[in-house]
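Participant: I need the structure of the sequence given here:
(one chain, ligands or ions: 1)
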Amino acid sequence: MLEQVQILHAEIARFQAEDQATLEAFRQKFISKKGAIAKLFAGLKAVEPAEKKALGSVLNELKNAAQEKFKVLIEQANTVTQTSGQPAEDLTLPPPAHALGTLHPLTSISNDIIGIFERMGFNVSYGPEVEDDWHNFTALNFPDNHPARDMQDTFFLGTDKVLRTHTSSAQVRVMESLALPIRTIVPGRVFRNEAISARAHCIFHQIEGLYINRHVSFVELKESLFFFVKALFGSRTKIRFRPSYFPFTEPSAELDIDCRICGGKGCKICKYTGWVEIMGAGMVDPQVLTNCKIDPQVYTGFAFGMGIERIAMLQYQIDDLRLFTENDINFLRQF
Ligand code: PHE
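Facilitator: Prediction:
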């Protein structure tokens, strides 16, 4: 047995590990429970009790030598793979952490906007993205072949169906189906046949608002929107109302805030004016109320609609609309 021990000592001392495979061969031969050294230990049982102790310590020495050598070989194998250009596998490293997802900036800004209107007593409604002509145009006072339909470059689907060009179509559905008074907002995707650029996209998101009750006035419209803008952008935000035109509101206005990208100095987002339009609004046209079977003699209301991308761009200082749909992980991780 002593002779065998000497042979194994010599073998262990000579052993060189070139790679992971030879390392494993060493482990199997000398370290594992079925290895040569383990076998020698098993052989101890048959040895005379008088010799057992001495032989046991010889075997323990051999075992220690094998384990020490194994450590050295692991080091060697690692440096060999490192210098040969392959990444060393360090089995003691913790596994890579799983990256957690974050909310898309459009989702978080929609949640913020919805939250502010919920505080004012609005609830949330939804409408279909494929609309009929009545809900997208006719009920909203766009007569057939009226040039106002050109305001929104429409994707037509067959003769009667369109991809909704604005969330105002859901206004009509809400007025047709909900009991009065109505105080609701409608977030959703809308579609327009536009060339994609830093400022425009063929798919974007809007949030529509609608309040119908007895004696609703323009003052309430203005106050609600002022409250909203200050809650979202901060109390120092400058706001201006400009007269405008929409077929479904009378009077109509557009609301601008001071450009937060350039601080009002002028940039490509505000077209060098210092102001950015963030929404359209107005008092619901009496004809629209009639179309939805609501008596305009008794009820009045206001409506507004805003583009969520535009608001997210201002809020997060993003100067290119295309970033929202490109799914660039480095962009999305910032939110
Ligand atoms: N629907 C209009 C648009 O898409 C916005 C709007 C909504 C204007 C409600 C007035 C009232 O431009």
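
Participant: going forward, measure contacts between C-alpha atoms and count neighbours the same way
Facilitator: OK.

Participant: how about the residues of the chain near the ligand?
Facilitator: His166, Ser168, Gly280, Ala281, Gly282, Ala303, Phe304, Gly305 (C-alpha under 6 Å from any ligand atom).

Participant: where's the nearest residue to the second one once chain neighbours are set aside, which helix or strand?
Facilitator: Same thing as Ser168. Take Ser168 and drop its neighbours on the chain: the residue closest to it by C-alpha to C-alpha, 6 or more residues apart in numbering is Glu208, 6.3 Å away. Assessed by DSSP states H and E, Glu208 sits inside strand 203-214.

Participant: may I see the buried residues of that strand?
Facilitator: Buried positions in strand 203-214, judged by neighbour count with 16 or more other C-alpha atoms under 10 Å: Phe204, His205, Gln206, Ile207, Glu208, Gly209, Leu210, Tyr211, Ile212.

Participant: so how far is the following helix or strand past that strand from its chain's centroid?
Facilitator: Next along the chain after strand 203-214, taking DSSP H and E as the criterion, comes helix 218-233. Here helix 218-233 is found 28 Å from its chain centre; the criterion is C-alpha atoms, centre = their mean, to the nearest Å.

Participant: quick one: the following helix or strand past helix 218-233 to helix 218-233, angle?
Facilitator: As assigned by DSSP H and E, the chain's next helix or strand after helix 218-233 is strand 239-246. Interaxial angle, strand 239-246 versus helix 218-233 (axes from the mean of the first three to the mean of the last three C-alpha atoms, to 10 degrees): 120 degrees.

Participant: for the record, mean pLDDT for strand 239-246?
Facilitator: Averaged over strand 239-246, pLDDT sits at 96.

Participant: after that strand, which helix or strand is next?
Facilitator: Sequence-wise, the next helix or strand downstream of strand 239-246 (DSSP H and E) is strand 249-258.

Participant: partner strands of that next one, parallel or antiparallel?
Facilitator: Neighbouring strands of strand 249-258 in its sheet, by DSSP bridges, are strand 239-246 (antiparallel), strand 275-284 (antiparallel).

Participant: out of the ones you listed, which is the most enclosed?
Facilitator: strand 275-284 (a mean of 23; mean count of other C-alpha atoms under 10 Å).

Participant: for that strand, the distance to its chain's centre please.
Facilitator: That offset, for strand 275-284, works out to 27 Å (C-alpha atoms, centre = their mean).

Participant: same deal with stretch 61-68?
Facilitator: 56 Å.

Participant: list the buried ones in it?
Facilitator: Those would be Leu62, Lys63, Ala66, Gln67, for stretch 61-68 by 16+ other C-alpha under 10 Å.

Participant: now tabulate those residues in CSV and tack on pLDDT.
Facilitator: Written out in CSV, the entries for the buried residues of stretch 61-68 read as follows (pLDDT from 0 to 100):
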residue, pLDDT
Leu62, 94
Lys63, 94
Ala66, 94
Gln67, 93
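
Participant: what is the nearest of those residues to the ligand?
Facilitator: Nearest to the ligand out of the buried residues of stretch 61-68 is Gln67 (C-alpha to the nearest ligand atom; 75.4 Å).

Participant: my guess is the closest one meets Ile31, correct?
Facilitator: Yes - in this structure Gln67 lies within contact range of Ile31 using C-alpha atoms under 8 Å: 7.0 Å.

Participant: where in the stretch 101-250 of the chain is pLDDT low?
Facilitator: Where the stretch 101-250 of the chain drops to pLDDT under 70, the residues are 148, 150-152.

Participant: against Pro143, how distant is Phe156?
Facilitator: According to C-alpha to C-alpha, to the nearest Å, Phe156 and Pro143 sit 16 Å apart.

Participant: more neighbours: which of the two?
Facilitator: Phe156 (17 against 13; other C-alpha atoms under 10 Å).

Participant: roughly how far does Phe30 sit from Ile196?
Facilitator: Distance from Phe30 to Ile196, by C-alpha to C-alpha: 68 Å.

Participant: if you count what's nearby, which of those two comes out ahead?
Facilitator: Applying other C-alpha under 10 Å to Phe30 and Ile196 shows that Phe30 carries more neighbours, namely 23 against 12.

Participant: wait, is that one part of a strand?
Facilitator: No - read with DSSP: H, G, I helix; E, B strand; the rest coil, Phe30 is helix and lies in no strand.

Participant: contacts only, for it.
Facilitator: Contacts for Phe30 (C-alpha atoms under 8 Å, 6 or more residues apart in numbering) come out as Ala36, Ile37, Ala38, Lys63, Ala66.

Participant: please apply the same query to Gly282.
Facilitator: So, once contact is read as C-alpha under 8 Å, 6+ apart, Gly282 ends up touching Phe218, Leu221, Thr249, Glu250, Pro251, Ser252, Ala253, Phe302, Ala303, Phe304.

Participant: that one bridge partners, please.
Facilitator: Ser252, Ala303.

Participant: thinking again about what came up before, among the residues of the chain next to the ligand, which pair sits farthest apart?
Facilitator: His166 and Gly282 (15.1 Å; C-alpha to C-alpha).
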